[in-house]
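Enquirer: 3D, please:
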Amino acid sequence: MEKLDFLYFVGIDVSKQTFDVAILNDGNTKSFVFDNTQKGVKAFLRLLKNQHISLNNTLICMEHTGVYGNLLITKLVEVKANFCVEMSLRIVRSLGIQRGKTDKLDAIRLAQYALKHSKEMELYRPLPDVLKQVKILIKTREQLVNFKADLNKHPNEVKLFDPELGKLALKQVKKTSKCLDNEIKRIESELHALILSDEKLNKTVGLVTSVTGIGVMTALYFIIFTNFFTRYKEAKQLACYCGVVPFEHTSGSSVQKRSRVHHIANKTMKKHLHMCALSAVRHDPELKLYYERKANEGKNKMLVLNNVRNKLVLRVCAVVKRQKPYRKRVA
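Expert: This is a model prediction of the structure:
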């Protein structure tokens, strides 16, 4: 964040129907409640104006609450407010031991968090409209894929123990499964059309998919979660976010555990990168040779695969930074 001297710190706790506001200034805190509607958001901004609180010297902090915060975020972007949307886990852990929980108290804690961490927080950067549309489409596609897998799970299990009943169960879900396939294909066609309609998106997808093993869906997840690769400073930060960087676990001479990845990570990216790594060790000569060499040395295969996932993230960051497609090297 640009180092600004803020006079006011506002914490906003958003729920489905209302949002609580806490305004912190010189140790004094004022609390308010507004409806989570267009009128409520306008009333909040009108309150700031009536209290002579300028948006230029005010830092607003709120938790990421999905669609519940969309009305407020959209309006704050429109009026060019300084605000951050933070992970709830980061906020909770930074405040230490806390007793009691109410919406009013959470808003106050958000304001205190903003005051304490104002110099290191990153201001919110809205996703471009094309990425918002892509995000909705791939989320819908993911739900349909998961639903289809759940739908076919029961017939496949029944078939193992009673083939005749398995056929009957499969017959019942066959039409629904076919409809789901058609819907998934339709969404993929819309995604393809969206990609082609935006020059920046089309070019970035092309760069990312030039890395052997990375598919279109994984490329889109990369672009959405990083907002066109702008939400990190170093490639290792993105790799850590994807959960593929091992951390050392030692303490003195008694605790000497092996390095392992941290459980706090983007599980969606980690899952997709795992499938990409499996594809890469089959189709990329360099990574295939690396995987086989490490496996023959007795290394744990999952550990080697995680190293491949890490290499894929670094390659993706490299091609985006250089704006040149990846060139496969012969091992």
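
Enquirer: Please count neighbours and contacts with C-alpha atoms only from this point.
Expert: Will do.

Enquirer: Kindly list the longest helix within this structure.
Expert: Counting by DSSP state H, the longest helix found in the chain is helix 163-197.

Enquirer: and the angle for the very next helix or strand once past that helix with helix 163-197?
Expert: Per DSSP states H and E, helix 163-197 leads on to helix 199-209 as the next helix or strand towards the C-terminus. If you take axes from the mean of the first three to the mean of the last three C-alpha atoms, to 10 degrees, helix 199-209 sits at 130 degrees to helix 163-197.

Enquirer: Report the buried residues of helix 199-209.
Expert: Buried residues in helix 199-209, counting neighbours by 16 or more other C-alpha atoms under 10 Å, are found at 201, 203-209.

Enquirer: How about stretch 230-250?
Expert: 235-236, 238-246.

Enquirer: Make a markdown table from those residues and add pLDDT to it.
Expert: Shown next, in a markdown table, are those (pLDDT from 0 to 100):
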| residue | pLDDT |
| --- | --- |
| 235 | 92 |
| 236 | 92 |
| 238 | 93 |
| 239 | 92 |
| 240 | 92 |
| 241 | 90 |
| 242 | 92 |
| 243 | 90 |
| 244 | 89 |
| 245 | 84 |
| 246 | 80 |
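
Enquirer: Residue 20 is in contact with residue 33, isn't it?
Expert: Yes - counting by C-alpha atoms under 8 Å, a contact exists between residue 20 and residue 33, whose distance comes to 4.5 Å.

Enquirer: More neighbours: these two, which one.
Expert: A count of neighbours by other C-alpha atoms under 10 Å puts residue 20 above the other of residue 20 and residue 33, at 23 against 17.

Enquirer: Relative to residue 152, how far out is the residue of the chain positioned farthest from its centre?
Expert: Largest separation from the mean C-alpha position in the chain: residue 164, at 44.0 Å (C-alpha atoms, centre = their mean). Going from residue 164 to residue 152 by C-alpha to C-alpha, to the nearest Å gives 16 Å.

Enquirer: rewinding a little: nearest to residue 255 among the buried residues of helix 199-209?
Expert: residue 208 (40.1 Å; C-alpha to C-alpha).

Enquirer: quick one, what contacts the most centrally placed residue in the chain?
Expert: A centroid search over the chain (C-alpha atoms, centre = their mean) returns residue 225, at 4.5 Å, as the residue closest to the centre. With contact set as C-alpha atoms under 8 Å, 6 or more residues apart in numbering, residue 225 has no partners.

Enquirer: Quickly find the element holding it.
Expert: Per DSSP H and E: helix 216-226 holds residue 225.

Enquirer: how about the nearest residue to residue 263, chain neighbours excluded?
Expert: Residue nearest to residue 263 in three dimensions, not counting chain neighbours: residue 243, with 7.2 Å by C-alpha to C-alpha, 6 or more residues apart in numbering.

Enquirer: for that neighbour, helix, strand, or coil?
Expert: Secondary structure, DSSP: H, G, I helix; E, B strand; the rest coil: residue 243 is coil.

Enquirer: can you check the one 4 residues further on too?
Expert: Each residue gets one of three states, and residue 247 gets strand by three-state DSSP.

Enquirer: Which residues are in contact with it?
Expert: 259-262.

Enquirer: Mind putting the residues you listed into TSV with distance to residue 157?
Expert: Formatted as TSV, the contacts of residue 247 follow (distance: C-alpha to C-alpha, whole Å):
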residue	distance to residue 157
259	38
260	35
261	34
262	34
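
Enquirer: Pull out the buried members of those.
Expert: Neighbour counting with 16+ other C-alpha under 10 Å marks residue 261 as buried within the contacts of residue 247.

Enquirer: ok, so of the contacts of residue 247, who is nearest residue 309?
Expert: Closest to residue 309, out of all of the contacts of residue 247 and judged by C-alpha to C-alpha, is residue 261, at 12.0 Å.

Enquirer: what's the closest non-adjacent residue to the closest one?
Expert: Using C-alpha to C-alpha, 6+ apart, the nearest residue to residue 261 is residue 246, at 4.1 Å.

Enquirer: before we move on, what about residue 115?
Expert: Using C-alpha to C-alpha, 6+ apart, the closest residue to residue 115 is residue 9 (6.1 Å).

Enquirer: so that neighbour touches residue 58, yeah?
Expert: Yes - between residue 9 and residue 58 there is a contact at 5.8 Å, judged by C-alpha under 8 Å.

Enquirer: which of the two has more neighbours?
Expert: Using other C-alpha under 10 Å as the criterion, residue 9 and residue 58 rank with residue 9 on top: 26 against 22.

Enquirer: sorry, back to before: what sits against the residue nearest to residue 263?
Expert: Residue 243 neighbours (C-alpha under 8 Å, 6+ apart): 261-267, 270.
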